[in-house]
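# Structure for this input, please:
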Amino acid sequence: MPRLRTPSSRLLRSRALLLSAGVVLVALAPAFSQEAGLRGEVTEADIRRDLVSRPSPLYPVTPPTPEEQRAANPAYVPEGPRATEEEAVPAETLSTLFSDAAGDAAALGEPEAAERPVGVRKRESETEAVPEEPAAEEEEPASANPRAEKVDSEDEERNIRIEPENVRTAGIESPEPEVEENPYAPLGLRLGTFNVITTLEQGLTWTSNATYSPQPKSALLSESTLRLNAASDWSRHSANINAYGTYRKSISGEPVTDPSAGIDATLNLDFADDLRGIGKLGYVLKREDADSPVEQPETVTSRPIRQEITGSLGLEKDVGKLRFAATANLLRLDYSDADLSEGGTLSQRERNSTLVTGVLRAGYEISPAITPFLELEYGRRSYDFTPEGGNHRSSDRMAARLGTELDLGEKLSGELALGYVTENFDDAALSDISGMSASADLSWSPQRGTTVGFNASTEVEGTTTANESGSVLYSGTVSLQREIRANLSANASLGLSWRDYASTPDHDLTWRGETSLTWWLNRYAGVTGRYRFEHLTSTKTESDTTVHNVFLGVTLQR
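Modelled structure (predicted):
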C-alpha cells in the first residue's frame, strides 16, 4: 500500500536531517582541529623547542634516516584490549534515531551524493600516492680515514652571494671646502700666540719739492717701507701691535735723507663684573713737518728730528645702562738739534715738554647703537728748560666735551665729540690758549668691500717765539678704501688742516690729497702706484708751498 506524503511528515523529516548534520559536525570538530594544528594550548617551552630545533638556512642539516624518523614518531599502541572495541562493532548493531534509509529514499526520492570535505580528500589522495618505502639497505662501514671535504662544499654559492660586511662607511658630515673671501689676502706668520703679517714696499718717488720750501727743488728718491701687524689669538684678552719704518734717500736732484718709524700697541683686559682695562703705548720718530708753527733761522739746513711718546691706562665699568671710564694719558715731545749751514747745530731743548692728563667719562646707553657721554679732562704741561730771559711756558690744561658712541655693527661704528679746551700759562705775559675742541673717529661701510672713514682732532701747539702763546691746530681727513676686484684695491683720502694762532690774527690752511692703486699678481706680490698732493697757504709767512709726489714700486706681503 503506497505511503501518503503529508506536509507534517515532510517537515518532520527536514528537522531530522538538520539535527543529524549538526551531530556530524560536532563529532568531526576534533579531526579538523588536529588537521589545522589548533588543538589545545601551545606552551612557551614548545615554541622555544621548535625555534631551537629549526635548522639554519646558512648551514643545512642532513635529513634524518627512516630509523630516526620511526624512533622520533613511534606507532600508536593501544593501552588495552578495549581501546579498539568501537572499531570492531559492526554498523548494524548501532542504534539510530532515524528510519531506514531505503524507506526514506522511497518516500522523499534519492538525494544527491554529498561532496566529501577537502581535508578528507587530501588525506586520501596523499595516502594513495605515497608508495611503499623499500626496505633500508645495510650501510657500509665508515672508512677509518675519510677524505675531508672543502669548507664551502655544502653551499657552493654561499660565499659569492653574501655581501661583504666590511664596506667602507661614508663620513657622518662631508662639509664642502670653505671658499676664501679674499684669495689674495696675506696668510701671516704664527709666532707663539700672535698672527703676524709683514709688508715690504720698495720703489721710486719723484717729488716736485724735496725740502717743502717756497722755492721748490725736485728730486728722485728711493723709498723703502716695512710694516708689521701682530694680533693675538687669546680666548679672553686681546692685544694688537702695529709698527712701520720708512727710509727715503735721494738718487738724483736735491739731496734728501728722511727716516721715519713708529709703533703703537694696545692691550685689552677683561676683568669680572663688566670691568675692563685698556693700555696703550706709542712711539713716533720723524723729521718735523715743514708746516710747523715754530720758525727756524734761514741758516738751518735740515729740520730737527721729532720724537713723540704716548701712553695711556684706563678702566671701564658698566653698571646697567650707565657707562663709566677713567683714563690717564701721557704725551712726551722731544726734539733733536737742527743742523746749520756753516756747521754746528742749533739746540731745540726749550721745546721738549711732557703733558699728563686725566679724563673722566660718564655715558648712558639709550640703545645698543647709541651711547651719549660727557667727558671732563684736566692736565699739566711741563717744559724741561726755560731759556734765560724767556717765558715760562708750563701750563694747566682743562677741557670738557659732549659726544656719543655709535655701534651699528659693520655698517657704522666709532665716536665723535665736541667741546672746549683751554691752557693757562704760568707766565702772566702769555695769553691763554683756548678754543673749540672737536674729535671724531668713524668708520662707515655703505656696501661690501667699501669702507669710508672720518677722523678729526684738535691739538694745542707750543712755540719758541718770545711773547707768543702758540696755536690751535684743527685737522680732519676723509678716506675711502675700495676693493675693485679680488686682486685690485684702491685708496683715496682728502684732508684739511686749519691752524689758528692765539696771539695774532694769522692762520694757516693746508690741503692734502692722496690716491693709490695696488694690483696683486698673487697672494705675495703686487704693483703699487701712488700720487700725493699738498698745498699750504699761510698769512704769517705770506708764502705758499706746493708739493707733488709720485710713487711706483712693488709690494711684498706675507
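# per-residue pLDDT, G192?
With respect to pLDDT, G192 scores 92.
# Repeat that for the one 5 residues further on.
In this model, I197 is scored at 96, pLDDT.
# residues contacting it?
I197 makes contact with P186, G188, L189, L228, N229, A230, Q557, R558, according to CB atoms under 8 Å, 6 or more residues apart in numbering. From N, CA and C alone the C-beta is placed, and that goes for glycine too.
# Tell me the one among those residues nearest to L418.
Each of these was checked against L418 using CB to CB; the closest is N229, at 32.0 Å.
# Tell me how many other residues surround that closest one.
Using other CB atoms under 10 Å, the number of residues around N229 comes to 17.
# what's the distance between it and R558?
If you measure N229 against R558 using CB to CB, to the nearest Å, the figure is 11 Å.
# What of G314?
Here G314 is placed at a distance of 34 Å from R558 (CB to CB).
# Neighbour count for the two, which is higher?
When neighbours are counted by other CB under 10 Å, G314 and R558 differ, and G314 comes out ahead with 16 against 13.
# Point out where the stretch 151-300 of the chain drops to low pLDDT.
Along the stretch 151-300 of the chain, the model assigns pLDDT under 70 to residues 151-165, 170-177.
# residue boundaries of the strands in it?
Secondary structure of the stretch 151-300 of the chain, counting by DSSP state E, counting those that start in this stretch: strands at 189-191, 194-207, 219-232, 238-253, 257-270, 275-287, 300-302.
# mind checking which of those is nearest G22?
Once CB to CB is applied to these, the stretch that comes out nearest is strand 257-270, at 96.7 Å.
# Parallel or antiparallel, which strands does that closest one pair with?
Strand 257-270 has the following sheet partners, assigned by DSSP bridges: strand 238-253 (antiparallel), strand 275-287 (antiparallel).
# Next, the angle from it to strand 219-232.
Compare the direction of strand 257-270 with that of strand 219-232 by axes from the mean of the first three to the mean of the last three CA atoms, to 10 degrees and you get 10 degrees.
# mind listing what's buried in strand 257-270?
By neighbour count with 16 or more other CB atoms under 10 Å, strand 257-270 contains the buried residues D258, S260, A265, L267, N268.
# Then stretch 514-527?
By 16+ other CB under 10 Å, the buried positions in stretch 514-527 come out as E514, L517, T518, W520, R523, G526.
# Repeat that for stretch 424-431.
Neighbour counts using 16+ other CB under 10 Å place F425, L430 of stretch 424-431 among the buried residues.
# So what's the residue count around D508?
In terms of burial, D508 registers 19 neighbours under the definition other CB under 10 Å.
# One more: E295?
By other CB under 10 Å, 12 other residues sit near E295.
# likewise Q447?
Q447, neighbours per other CB under 10 Å, totals 8.
# How about V472?
21.
# What pLDDT is listed against it?
In the prediction, the pLDDT value recorded for V472 is 94.
# Buried residues in the helix or strand containing it, which are they?
Secondary-structure element containing V472, defined by DSSP states H and E: strand 471-485. Buried positions in strand 471-485, judged by neighbour count with 16+ other CB under 10 Å: S471, V472, L473, Y474, S475, T477, S479, Q481.
# Leaving out sequence neighbours, find the closest residue to the fourth one.
Setting aside the residues directly before and after it, Y474 is nearest to W498 in space (CB to CB, 6 or more residues apart in numbering), at 4.7 Å.
# Look up how far W511 lies from that neighbour.
Shown here: W498 relative to W511, a distance of 11 Å by CB to CB.
# and the closest residue to H237 other than its chain neighbours, how far is that from V460?
Across the structure, with CB to CB, 6+ apart as the measure, the residue nearest H237 apart from its sequence neighbours is L269 (5.2 Å). Using CB to CB, one gets 31 Å for the distance from L269 to V460.
# Likewise for S382?
When distance is defined by CB to CB, S382 is 14 Å away from V460.
# and what of L19?
132 Å.
# S382 and V460: which has the busier surroundings?
The residue with more neighbours, out of S382 and V460 and counting by other CB under 10 Å, is V460; that gives 22 against 13.
# Spit out the contact partners of that one.
When contacts are taken as CB under 8 Å, 6+ apart, V460 is in contact with R397, V421, E423, I433, G470, S471, V472, L473.
# Beta-bridge partners for R332, please?
On the basis of DSSP bridges, R332 takes part in beta bridges with I309, T354.
# Numbering from 689 from now on, please.
I'll keep to 689 as the first residue from here, and by that count the last item is R1020.
# For K968, see how far away it is.
According to CB to CB, R1020 stands 14 Å off from K968.
# list the residues that contact both of these two?
T998.
# And the helices in this protein?
Using DSSP state H, the helices found in the chain span residues 695-724, 732-741, 754-760, 773-776, 789-796, 806-817, 846-849.
# and the strands of the stretch 839-988 of the chain as TSV, adding distance to F1012?
Listed next are the strands of the stretch 839-988 of the chain as TSV, based on distance: least, CB to CB, whole Å:
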stretch	distance to F1012
strand 877-879	36
strand 882-895	31
strand 907-920	26
strand 926-941	21
strand 945-958	16
strand 963-975	10
strand 988-990	48
